[in-house]
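*Asks:* Okay, sequence plus prediction incoming.
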Protein chains: 4
Amino acid sequence: MGSTFGQLFRVSTFGESHGGALGAVIDGCPPGLTLDLARVQAECDRRRPGQSKLTTGRKEPDQVEVLSGLFEGQTLGTSLALTIRNKDADSSSYLPFKDTYRPSHADFTYDARYGIRAWAGGGRSSARETAARVAAGAVARQVLETLGPVEVVAWVDTVQELEASVDPTSVTAAQVDANLARCPDPAAAELMEARIRAIRAEGDTVGGVVRAVARGIPAGLGAPVFDKLDADLAKAMISLPAAKGFEIGSGFAGTALKGSAHNDLFVPSSGGIATSTNRSGGIQGGISNGMSIEIAVAFKPVATIFQTQDTVNDRGEATTVRPRGRHDPCVLPRAVPIVEAMMCLVLADHWLRWRGQVGAPPSVPLRG
Amino acid sequence: MGSTFGQLFRVSTFGESHGGALGAVIDGCPPGLTLDLARVQAECDRRRPGQSKLTTGRKEPDQVEVLSGLFEGQTLGTSLALTIRNKDADSSSYLPFKDTYRPSHADFTYDARYGIRAWAGGGRSSARETAARVAAGAVARQVLETLGPVEVVAWVDTVQELEASVDPTSVTAAQVDANLARCPDPAAAELMEARIRAIRAEGDTVGGVVRAVARGIPAGLGAPVFDKLDADLAKAMISLPAAKGFEIGSGFAGTALKGSAHNDLFVPSSGGIATSTNRSGGIQGGISNGMSIEIAVAFKPVATIFQTQDTVNDRGEATTVRPRGRHDPCVLPRAVPIVEAMMCLVLADHWLRWRGQVGAPPSVPLRG
Amino acid sequence: MGSTFGQLFRVSTFGESHGGALGAVIDGCPPGLTLDLARVQAECDRRRPGQSKLTTGRKEPDQVEVLSGLFEGQTLGTSLALTIRNKDADSSSYLPFKDTYRPSHADFTYDARYGIRAWAGGGRSSARETAARVAAGAVARQVLETLGPVEVVAWVDTVQELEASVDPTSVTAAQVDANLARCPDPAAAELMEARIRAIRAEGDTVGGVVRAVARGIPAGLGAPVFDKLDADLAKAMISLPAAKGFEIGSGFAGTALKGSAHNDLFVPSSGGIATSTNRSGGIQGGISNGMSIEIAVAFKPVATIFQTQDTVNDRGEATTVRPRGRHDPCVLPRAVPIVEAMMCLVLADHWLRWRGQVGAPPSVPLRG
Amino acid sequence: MGSTFGQLFRVSTFGESHGGALGAVIDGCPPGLTLDLARVQAECDRRRPGQSKLTTGRKEPDQVEVLSGLFEGQTLGTSLALTIRNKDADSSSYLPFKDTYRPSHADFTYDARYGIRAWAGGGRSSARETAARVAAGAVARQVLETLGPVEVVAWVDTVQELEASVDPTSVTAAQVDANLARCPDPAAAELMEARIRAIRAEGDTVGGVVRAVARGIPAGLGAPVFDKLDADLAKAMISLPAAKGFEIGSGFAGTALKGSAHNDLFVPSSGGIATSTNRSGGIQGGISNGMSIEIAVAFKPVATIFQTQDTVNDRGEATTVRPRGRHDPCVLPRAVPIVEAMMCLVLADHWLRWRGQVGAPPSVPLRG
C-alpha cells in the first residue's frame, strides 16, 4: 500500500507505462470547487512526452478523463477519479530487458520485491506514473487557490554544473515556460539547452537540480514532530523517479555558516511578522512561517543511455545491454510540473489538516 | 496527528521539554522479542544532554521506563510504551522568550499553528523530543536484528567545511564512539572538536552533515510509488530538528555526472547480484537492492546563540533577545544516535510491510 | 477521505450512480496471483441490477475492466485498478428529487455535509457504489484462497419475519444461488420470493437479515484493541447501504443467556483446539479462534417506495414526493455478494497484517 | 498496529491489566482547550472497579496523570499523553490460567496470534484496557462541547430479558447515575440490581444491552462510503470487550417493517429540517442528519464464572478450570462510561475531519 499519499487530501495512483491506463483517485477533495479541467490538462501537457526536442519521442496525448467526483463542473467532495489512457506504447524495444537488468533502473529491485515485473516500458517504475501525480496535483493547486493567494512555481536551476540565477520571491510560471529548458534565467537556459542537445548526441544523459517555491502560504501549516511540512515535502520529492537529494532553505550549503550568520531575524512587517532573510526556507520547526517556502531537488542523470553497458540477467549471469527506444536525455524540464504537483499535494493536505485541527486560524496578534 | 510514524511498526511520541515526561508508544512491534533494555538505555545515553564537554550542560539521566508491552522480558506484540521522565528542567532562563520569538526557532510558528505554546524549554519543539525517537529506534534496531544481520551506523561527516574520510561499507559503531565528535576519522575528529570548542567560546554555533549506512538489508524493501524506501528515509530525516537537507547515494553531487559515469553496473556476486559502484545508495526505484543504504543529512547551526539578536515579540514589536541557559554549540555528535534511530524505524516498518504483502521473499534467482 | 478501506490490502473506491464509471484501486495486493477475471465478473453479475424478477429493472452489464496492476494475467503487487462503466443511466426520473429530499435517503445529509450532491441516480449515496466493493472483494477472495482453504458464504436469512433454517458450518454457495431469494433453505426461499413479489405489487419494500460465514480462517487474525477482527467486520458491514445492525456469534440473543450457558468450552480436536459450541462466532478477544466466523447484518426496508410521502425541499418547505424509476423492492438477494465481498476484504487485510507483524504463525502447540 | 483509533483525533492506547500502567496518547487534539481534569477523572471513576456492590472487588484508584500536551491547563495541540498506574494487581489467582485456556476468554487467541501472552490479569485482553479509552473519551467529550451543545449519554437498557423504558431524547446523565445499575428507569433498575445480585450468588454472570444517544450533533458528520458515521460507531462499539452486537436506529427490529412504515418523513422545523420519526437513528447514508444519534450495543455475559468448566491447556490436553479472583457478575453498569467514551471519540474525530474537508459548514438553506 505504497501508492497512497496524504491524510485528508488523499491521493491513490495506479498505472504501468504500457498498461491500460494511469490514474489517480483523490479521496477527500473539498466539495464545491469549480474545477477547471483545461488547467488540469495543461499541467499534464507540460509533463507529457514528445512535447519538445529536449524530451523523449514517445507521442502521448495524455488526455485526462474524469470518471467520478464531478457534477455539473463542481467537485462533490467524494472520490474524484482521473484517468489517462496509454496510447503510444511500443513494448518491442523493451524485449531485451525482459530478463536483463538495466543498470541503475528498477528492473532488479522490482523483481526482488515482487517476484514479477511488467518489463514493458518499465511498468510501474516508469517515470510515466508521474502523469497521475501531475493530474492530481493540478486539482490540489486549484484547491489551494480557493484557500489563499497561493502560487507554486518550480524551475530548472542547474543542469550539471550550469547554474541559473533566479529570485524565488518573484519568479513566474511564464518565465519558466518561456524556453524549452524551463529555466527562467534565459542565459542559463540557452546553455542548458545546448548541453542537453550535445549530451543527447553522445547517447548520454545529464541530471541537475529543480528548485521550487510556494508563495502565499500562511504561517501555521505543518504537523510536528513527524509530519512536519518540510518532512512531507522531502518525502514527496524523494518519491519522484531519479530524485537523489532534497533541501529546504539553506540546505547543505547552510552547514558551512555559523549560527549568527544563519539565523533569520524576525522583523515587523505590514500586518504581520516577517524574517529579514529566509535561510529557513519558509519553515521553522516543521511549520510554515509565512515566508516563501523554498526547496531544491536533485535529479540524477537518466539511467537509460544509448551505450553498451555491463550488467547481469535474472539468472545471475554477466551480460550486456544497449537500450533502444525513446528516452529523455535530461529529465529536468519535464520534472518541473511534477515537482509543482507534489508541492501542491503536500500543501493542500496540510492546509486541510490544519483547518481540521484548529478550525479558524489562531489569534496570533500578528502573522506574516 | 503528526506525532505518529510508520504503518506496521507504528510509533506515536509525546512530550515537551519541561513537561512531565517524554515517551513513545510502539503499536505493532513483533511479539516474542527478548528486549535488551540495557541497549535501549545505552542508545538514550548516547543522545542525552550533558554527556560530554561538547554538549549542553543540562543534566538529564533520561532513564527509560517500560510501561506496557513487555512480559517476562519479551515483547507481547501489543503496544509497547516507553517513557522518560523530565528531571532537570529549569524554566527560568526561558522567561524572556515567553512573549518574544527567538530567531530561527519554532516559537513563532508554534504560536501561528496552535495559538499557544509551551514556552518553557521550547516545549514540544525542543530537540529533547528526540529522546523518545531514540528509545523507539533502539527497539526497532533489535527487531531488525532478528530479521537479518543488519547494522545501522551513523557518524559526523562534516562540521562546517571540515570533512571526514570514512568508508561506509566498513565503518563501525566503536569507531564512531571513539571520540566526542562521533567522527570515525580521528584526524578530522580532532579538528572538529577544536572547532566546536572555539565556536562555543564565541557564543556561536555550527552545523554539519551526518552520514549513515545500513548494511545487511536485503533487496526488496520499499513500497513505490510514494512509500519508496528513500522517500520514507527522507521524511524521517527532515523531520529531525535542524535538518535542512537529505541525500541518498550520490545526492546533489551526482547531478554533475553524465549517466554513463553515474550508472551502477550490475555484476554477479557470490550468491547474488551486486553493483560495482553504489551511487544509487542501495536503493533503486525506491526499493533496496541489497547494497549498503547510504544517506546524508544536513543540520543547520543551532539557532540558540549567546549573542544579542534583533527580533519581534508576540505583539509584533521590534525587540532583541539574548539567550541564556544550556545549549549545544553543535548538534551533530548527539544527532548521530537520532539519525540511526530514525533509520531503524523506517527499515523495521518497511520490512514488516514487505513481509505482510509478499510473505516469503520472492523467488528471484539470485539476490544480493 | 472516507472511501478508503483496509491497511495493507487497501481499497479506494469511487463513482456515482450516473457518473462516468465506478471503480476500485487496490493498493497492496500481493504479487504473483493469477487473477481469475471471470470469477471477478461473476461476482459482479451476482450483484448487478436487472438479474431477476426480484430486483430493479435497470439494465447494467457491469463489465469489469482492469486498468493496471495485472501483467500477463498475474498481479504485479502494485495498484490494481478496476473500473465499471455506467451505461443505462436515466437521470430523468430523478429530476423531482433535485431539490426535494426523499425520506430516509441520503439526499439531505449529502447536502448537509458537502453543500452539493449528484442528485441523478442518488450519486455517490446510491447502492450502486457497492459494485466497486464487489469487484475488489472478488480479488480479496482469490488472495485468501492462496493463503488457505477459505470459504466465505453469505445468504438471506430472514425477510421480515420469514426466517430460514441454515447450518453455517456446511452451507454452500451453490445452495445460496439455487433460488432468486438467495436463501439456502428452499422452503423459506419460496415464502420469501412470494413476499417480495407481493410487496412489490403494493409499491412497498421489505428488509431482512443477511448472515455470512467464513470457514477455514486460522486462529490468529485480528489486531486488538481497536482493530479487532469483529470490529472491522462490524465497520465493513455497517458501511453498507441500508445496514442497521450487526452481530457476531450470539449477538443480541446471547444477552439473554447466563455465562454458564453462553461460554464456548474448549475441546481437543484432531490436530488442534476447537470449541464445543460457537456462540463466540469464531472470534474471541477480537482474534479468530479457528472456528467458523459467523455474522449477521440487518438491512432496513428500501427507502424508495412507490407511494406519495410527505417531505421537505431544500428551501425547508413542506412538500411531497412520489418516486418513479427502477428500484428493488428488497435489497437482500443482491446484498449477499456485497456482504461476502466486505468479509473477504476484512479477512485479506487482516491476514496480511498478521503475516507482517508475526511472520510465520507462532508456535502454539495446537491450533484449530 | 491495532491500538490506534481515529484519523484526526487519533488515540493510541497501551497497557496490560497487571503491567506498569495503562495509557492513551491523543495525537491531534485541538489546541487551546482548557481541560477539566476533574471531569476526566470522574469518568474514570465511573468505570473503575470496586465502585459498588455490583462490580468486581478489585480496588483501583485509577488516578489519571497527564504526561504531556497540557500547559498551564490548556491543550497544546500536540500529543496529549494520559496514564493510569496499575496498583492492586494480584497475579496469583491467575496462575492456573498460565497454561490453561479459560472458555470464551482471549487466552487461546492471544497465544494463537502472538505466541505469547501476559497471563496475569488477562494482560492486554483484560477489560481493564478500557480505562485508557475512558480517559481519552473524556477529553473528546470536552472537545465536542467546544464545538457545539453536545450531550452523549449511555445507559443500561436491558439485563437479560429485563428491559427498561427510556426516552433517548431526554434521558440525562444524572438519571443514569442515580442507581448502581446505571439504568434510568428506576423500576427496571431495581429488578436489574436484584438479578445481578442473584446471579452473582450463583457464581454466574449475565449480559445485556447498553443504549446510547448523542444529542446536539449537527447534520453533516460522516465520511461515506466506508467511514460512515454509523460504520465507525459500529467499529468503536464492537471493539469493546464482550460486545457481540450493534444497532443504529431501528436495528434488527426495523427489518420487520415495510418501507412505508419505516421511512422517517422530513418535516419543517424551527430553523431547520427534522424528521417526524427517528428510525434512522440520526444517520442517513452514513452522515448525521441532525436528529439524535441512537445506538445499541449487546454485551454477552461475562466469561469468567465461578464454576468448574471443561477446557484445554496449551498442550492441547483436556482439563478443567475454576476461576477465582475478582470479577464482575455483569459488565453493563461499568460499560456505560466506556460506550460514552467511544461515542465521543468517534464524534470528535469526525467533526474535525468534516471541518478539515469543508471548512465552514456548507450553505444548506435549512439544517436541523
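*Replies:* Perfect, I can see it now. Residues are numbered from 1 along each chain as shown, chains lettered A, B, ... in the order given.

*Asks:* Which pLDDT does the model give the nearest residue to A:G123 once chain neighbours are set aside?
*Replies:* Leaving aside its chain neighbours, A:G123 sits nearest to A:E16 (4.4 Å; criterion: Cβ to Cβ, 6 or more residues apart in numbering or on different chains). C-beta: built from backbone N, CA, C; applies to glycine. Note for A:E16: predicted pLDDT of 96.

*Asks:* Identify the residues contacting A:E16.
*Replies:* Shown in contact with A:E16 (Cβ atoms under 8 Å, 6 or more residues apart in numbering or on different chains): A:22, A:118, A:120-121, A:123-124, A:126, A:129, C:68-69, C:71, C:76, C:78.

*Asks:* now with 10 Å?
*Replies:* Applying Cβ atoms under 10 Å, 6 or more residues apart in numbering or on different chains, one finds that A:E16 lies in contact with A:22, A:86, A:89, A:117-118, A:120-126, A:128-129, C:67-71, C:76, C:78-79.

*Asks:* need the helices for chain A, in chain order.
*Replies:* A:37-47, A:107-114, A:130-147, A:173-176, A:186-201, A:229-238, A:259-262, A:332-358 (DSSP state H).

*Asks:* Chain D: which of these is closest?
*Replies:* helix A:332-358 (2.5 Å; Cβ to the nearest Cβ).

*Asks:* Apart from its chain neighbours, what residue comes closest to A:I26?
*Replies:* A:I26 sits nearest to A:L80 (Cβ to Cβ, 6+ apart), 4.3 Å away.

*Asks:* now do A:S91
*Replies:* Nearest one to A:S91, counting by Cβ to Cβ, 6+ apart, is A:A120 at 3.7 Å.

*Asks:* For the one you found, grab the count of nearby residues.
*Replies:* Using other Cβ atoms under 10 Å in any protein chain shown, A:A120 has 22 neighbouring residues.

*Asks:* Relative to chain C, how far out is A:E145?
*Replies:* 18 Å (Cβ to the nearest Cβ, to the nearest Å).

*Asks:* residues contacting that residue?
*Replies:* Counting by Cβ under 10 Å, 6+ apart, A:E145 has contacts A:L33, A:D36, A:R39, A:E151, A:V152, A:G216, A:C344, A:A348.

*Asks:* Identify, from these, the entry nearest to B:T275.
*Replies:* A:C344 (35.1 Å; Cβ to Cβ).

*Asks:* For A:G282, give its distance to B:G316.
*Replies:* A:G282 sits at a distance of 19 Å from B:G316 (criterion: Cβ to Cβ, to the nearest Å).

*Asks:* Comparing the two, which residue is more hemmed in?
*Replies:* Set A:G282 next to B:G316 and count neighbours by other Cβ under 10 Å: A:G282 wins out with 29 against 16.

*Asks:* Any idea what the closest residue to that one other than its chain neighbours is bridged to?
*Replies:* Spatial nearest neighbour of A:G282, excluding adjacent residues (Cβ to Cβ, 6+ apart): A:I293 at 3.7 Å. Beta bridges link A:I293 to A:A214, judged by DSSP bridges.

*Asks:* What residues does the closest residue to chain D within the stretch 101-250 of chain A make contact with?
*Replies:* Across the stretch 101-250 of chain A, the shortest distance to chain D (Cβ to the nearest Cβ) belongs to A:P224, at 6.9 Å. Going by Cβ under 10 Å, 6+ apart, A:P224 touches A:231, A:285-287, B:2-3, B:106, B:109-110, B:113, B:124-125, B:129, B:239, B:241, D:77-79.

*Asks:* Please report phi then psi for the residue nearest to A:G123.
*Replies:* Backbone geometry at A:E16, expressed as degrees, to the nearest 10, gives phi -100, psi 160.

*Asks:* Which parts of the stretch 151-300 of chain A are strands?
*Replies:* With DSSP state E, counting those that start in this stretch as the definition, the stretch 151-300 of chain A shows strands at residue ranges A:151-159, A:162-163, A:208-215, A:243-248, A:266-269, A:272-275, A:283-284, A:287-288, A:293-299.

*Asks:* chain center to the first one: distance?
*Replies:* Strand A:151-159 sits 10 Å away from the centroid of its parent chain (Cα atoms, centre = their mean, to the nearest Å).

*Asks:* That one - which strands sit beside it in the sheet, and in what orientation?
*Replies:* strand A:162-163 (antiparallel), strand A:208-215 (antiparallel).

*Asks:* tell me the angle of the longest one relative to helix A:332-358?
*Replies:* By that I understand strand A:208-215. 40 degrees (axes from the mean of the first three to the mean of the last three Cα atoms, to 10 degrees).

*Asks:* shouldn't A:A21 be in contact with A:F14?
*Replies:* Yes. Counting by Cβ atoms under 10 Å, A:F14 is a contact partner of A:A21 at 8.0 Å.

*Asks:* neighbour-wise, which of these two wins?
*Replies:* Remark: of A:A21 and A:F14, A:F14 carries more neighbours, 30 against 23, as counted by other Cβ under 10 Å.

*Asks:* From C:Q51, how far out is the more buried one?
*Replies:* For A:F14 relative to C:Q51 (Cβ to Cβ), the value is 29 Å.

*Asks:* Kindly report the same for A:A236.
*Replies:* Relative to C:Q51, and taking Cβ to Cβ, A:A236 is found at 45 Å.

*Asks:* Neighbour count for those two, which is higher?
*Replies:* In this view A:A236 and C:Q51 are compared by other Cβ under 10 Å, and A:A236 has more residues nearby, 30 against 17.

*Asks:* Number of residues surrounding the residue nearest to the more buried one when sequence neighbours are not counted?
*Replies:* The shortest distance from A:A236 to any non-neighbouring residue, by Cβ to Cβ, 6+ apart, is to A:M342 (4.0 Å). A:M342: 32 surrounding residues under other Cβ under 10 Å.

*Asks:* cool, A:P103 as well?
*Replies:* 27.

*Asks:* do the same with A:S270
*Replies:* Residues near A:S270, counting by other Cβ under 10 Å: 7.

*Asks:* same question, A:R315
*Replies:* 11.

*Asks:* Relative to A:D204, how far out is A:P301?
*Replies:* Taking Cβ to Cβ, one finds A:P301 at 8 Å from A:D204.

*Asks:* Who has more neighbours out of these two?
*Replies:* More crowded of A:P301 and A:D204, by other Cβ under 10 Å: A:P301, with 31 against 20.

*Asks:* can you tell me how far the more buried one sits from A:A242?
*Replies:* Applying Cβ to Cβ to A:P301 and A:A242 gives a distance of 8 Å.

*Asks:* Kindly report the same for A:V139.
*Replies:* A:V139 is 24 Å from A:A242, by Cβ to Cβ.

*Asks:* So for the two, which residue has more residues nearby?
*Replies:* Neighbour totals were compared for A:V139 and A:A242, and A:V139 leads with 30 against 22 (other Cβ under 10 Å).

*Asks:* Let me see the contact set for the more buried one.
*Replies:* Here A:V139 is in contact with A:9, A:11, A:24, A:26, A:29, A:33, A:35-37, A:39-40, A:43, A:66, A:69, A:75, A:80, A:82, A:341, A:344-345, A:348 (Cβ under 10 Å, 6+ apart).

*Asks:* mind running it again at 7 Å?
*Replies:* The contact partners of A:V139, by Cβ atoms under 7 Å, 6 or more residues apart in numbering or on different chains, come to A:I26, A:C29, A:L35, A:V40, A:L80.

*Asks:* again with A:I287
*Replies:* A:G220, A:L221, A:G222, A:P224, A:L229, B:A106, B:T109, B:Y110, B:A112, B:R113.

*Asks:* May I have the beta-bridge partners of it?
*Replies:* Here A:I287, judged by DSSP bridges, has bridge partners A:Q284.

*Asks:* where along the stretch 1-150 of chain A do the strands fall?
*Replies:* A:4-5, A:10-14, A:21-27, A:64-68, A:70-71, A:74-75, A:80-85.

*Asks:* CSV for those strands, including distance to A:F246?
*Replies:* What follows is the strands of the stretch 1-150 of chain A, written out as CSV (distance: least, Cβ to Cβ, whole Å):
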stretch, distance to A:F246
strand A:4-5, 16
strand A:10-14, 20
strand A:21-27, 23
strand A:64-68, 28
strand A:70-71, 34
strand A:74-75, 31
strand A:80-85, 27
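
*Asks:* Thank you kindly, that will do.
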